[in-house]
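Visitor: here are the coordinates; sequence isn't available:
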Ligand code: 4NP
């Protein structure tokens with residue numbers, strides 16, 4: 001199994017949306033039996049809560065349903081158990097780096113999967129409006145498509 005973990009601050013906006021969107025690509029490519037995808041937050045603010053309603057609505061426009069997800073906080077164990085750990089911005093990345101030094105090679109920010117990346121991170125839409133959530137989803141669509149392709153290539157190269 002290839003194990004992918006998305007990480008943001010609250011685990012109610014960006015990372016659950018990224019999880020739902022990459023799972024949609026995984027399913028469409030017939031790879032569901034090869035992947036475990038999860039998401040987590042660096043903060044403990046929203047543990048146990050469903051995603052933000054605005055994220056649920058923005059994802060549902062693509063027929064991606066994230067409403068069953070529940071927020072959790074990232075743990076040290078996650079760093080050893082997941083193969084690809086994908087923070088949403090530099091602050092999340094710094095937090096993960098500070099959690100442990102052994103697994104930094106597994107950590108790659110989502111924007112670094114974009115081929116022509118000019119962004120420092122996926123902008124946090126929490127204090128924004130519905131349009132900001134639609135923009136987030138459009139960005140996640142492109143970035144998650146590229147991330148899945150690169151992860152697939154990575155495992156092909158490792159197997160050969
Ligand atoms: P997320 O967005 O990290 O994409 O889930 C946020 C959610 C909650 C808060 C900040 C960002 N908050 O401050 O509660």
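Guide: Arrived safely. None of these values were measured; they are calculated from a predicted model.
Visitor: what about the helix or strand bottoming out on mean pLDDT in the chain and the ligand, touching?
Guide: Ranked by mean pLDDT, DSSP states H and E, the weakest helix or strand in the chain is helix 130-159, scoring a mean of 94. No: residues of helix 130-159 contacting the ligand under Cβ under 6 Å from any ligand atom: none, with a closest distance of 8.0 Å. Every residue, glycine included, has its C-beta placed from N, CA and C.
Visitor: now do that helix: distance to the chain's middle.
Guide: Put simply, helix 130-159 sits 9 Å off its chain's centre (Cα atoms, centre = their mean, to the nearest Å).
Visitor: for that helix, name the packing helices and strands.
Guide: Secondary-structure packing of helix 130-159 (3 or more Cβ pairs under 8 Å, 6 or more residues apart in numbering; DSSP states H and E): strand 2-8, helix 14-28, helix 53-60, strand 84-87.
Visitor: give the next helix or strand downstream of the shortest one.
Guide: If you walk from strand 84-87 toward the C-terminus, the next helix or strand you reach (DSSP states H and E) is helix 90-99.
Visitor: is that following helix up against the ligand anywhere?
Guide: No: contact of helix 90-99 with the ligand (Cβ under 6 Å from any ligand atom) is absent, the minimum separation being 7.6 Å.
Visitor: give me the three-state assignment for the residue of the chain found nearest the ligand.
Guide: Closest contact between the chain and the ligand, by Cβ to the nearest ligand atom, is at residue 10 (2.7 Å). With DSSP: H, G, I helix; E, B strand; the rest coil as the basis, residue 10 sits in coil.
Visitor: wouldn't it be in contact with residue 71 here?
Guide: Yes: with contact defined as Cβ atoms under 8 Å, residue 10 and residue 71 form a contacting pair (6.8 Å).
Visitor: spell out which residues of this structure are next to the ligand.
Guide: Residues of the chain lying close to the ligand (Cβ under 6 Å from any ligand atom) are 8, 9, 10, 11, 12, 13, 14, 45, 124, 126.
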